[in-house]
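S.K.: Sequence first, predicted model second:
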Amino acid sequence: MAAAVTEAAVPFSYAVRRSDRARRVRVAVDPRTGEVEVVLPRRVPQREALAAVVELRPWIERRRAEAAAVQARLRERGDTVPYLGRALRLRPEPGRTRVHRRGDVLLVPPGEAARPALERWYRRQARAEVQPRLDAAARAVGRPYTRLSIRDQRTRWGSCAAGGAISINWRLLLAPEEVLEYVVRHEACHLAVMNHSPRFWELMARVMPGYEAPRRWLREHGATLVL
């Protein structure tokens, strides 16, 4: 008879959350913190959480290692944040509630208020950065878009709906400029070809020769695009 699996078999902690909407056991690892969460359908026994974690342990540990690398990259930033390939230095100012850029310096609220204010600032900047790039990309493919949305999608950098509405993730402003350019042109190409067929990639190569490099950068470093 096989020995029963115990919590001692798992060298990391995890949280369990019950969900009325879940149809199966799901394990998620926060890409920034490495925290592990198991989502259980309401009627599934508690022991299934441990079983899922043990089964997926190699995958979980890889994701936790990636999160640790993200944390190391964030520590390397010190008192700066990236902006399209440039490092902007943060300067807290007492009494400030909004972020203001002065050259390569960002004046930010002090303490815990800095991060949400920074996110709001990046969201505002994202529209100003994306709009002209998307206009140019749409002209290049010869198809108009109907609406631009700036979002905070956790698993996608951009999307293009069948009706021509395009969404772009504001976090791309934390990447080098050519990465933002790649995603904008990628979604613009979907205005003409809605799938990832060879015809799509042929169009992508015409619209942005050398797109492979920023695409590869995003695959390798996308998890670091956090504040």
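M.R.: That came in fine, so what should we check first? Numbering: from 1, shown residues only.
S.K.: Pull out the buried positions in stretch 152-167.
M.R.: For stretch 152-167, burial by neighbour count (16 or more other CB atoms under 10 Å) applies to 157, 158, 160, 166, 167. Glycine gets a C-beta too; all of them are placed from N, C-alpha and C.
S.K.: so the last one sits in a helix?
M.R.: No - inclusion of residue 167 in a helix is not indicated when DSSP: H, G, I helix; E, B strand; the rest coil is applied; the result is strand.
S.K.: Thought residue 146 was touching it, still the case?
M.R.: No - Residue 167 lies out of contact with residue 146 (CB atoms under 8 Å); the separation is 11.8 Å.
S.K.: residue nearest the centroid of this structure?
M.R.: Geometric centre of the chain, nearest residue: residue 154, 5.0 Å, by CA atoms, centre = their mean.
S.K.: what separates that one from residue 223, distance-wise?
M.R.: Counting by CB to CB, to the nearest Å, the separation of residue 154 from residue 223 is 11 Å.
S.K.: Repeat that for residue 202.
M.R.: Here the criterion is CB to CB. By it, residue 202 lies 30 Å from residue 223.
S.K.: Comparing those two, which residue is more hemmed in?
M.R.: residue 223 (15 against 12; other CB atoms under 10 Å).
S.K.: okay but the more buried one is in contact with residue 70, surely?
M.R.: Yes - between residue 223 and residue 70 there is a contact at 5.2 Å, judged by CB under 8 Å.
S.K.: Check which element follows the helix or strand bottoming out on mean pLDDT in the chain along the chain.
M.R.: Ranked by mean pLDDT, DSSP states H and E, the weakest helix or strand in the chain is helix 57-77, scoring a mean of 89. Note on helix 57-77: by DSSP states H and E, the next helix or strand toward the C-terminus is strand 80-83.
S.K.: Could you look up the SS state of the residue nearest to the centre of the chain?
M.R.: Three-state assignment for residue 154 (three-state DSSP): coil.
S.K.: And it, how far from residue 20?
M.R.: Distance check for residue 154 against residue 20: by CB to CB, it reads 21 Å.
S.K.: now do residue 197
M.R.: 39 Å.
S.K.: When the two are compared, which one has more neighbours?
M.R.: Neighbour count, other CB under 10 Å: between residue 197 and residue 20, residue 197 has more, with 10 against 7.
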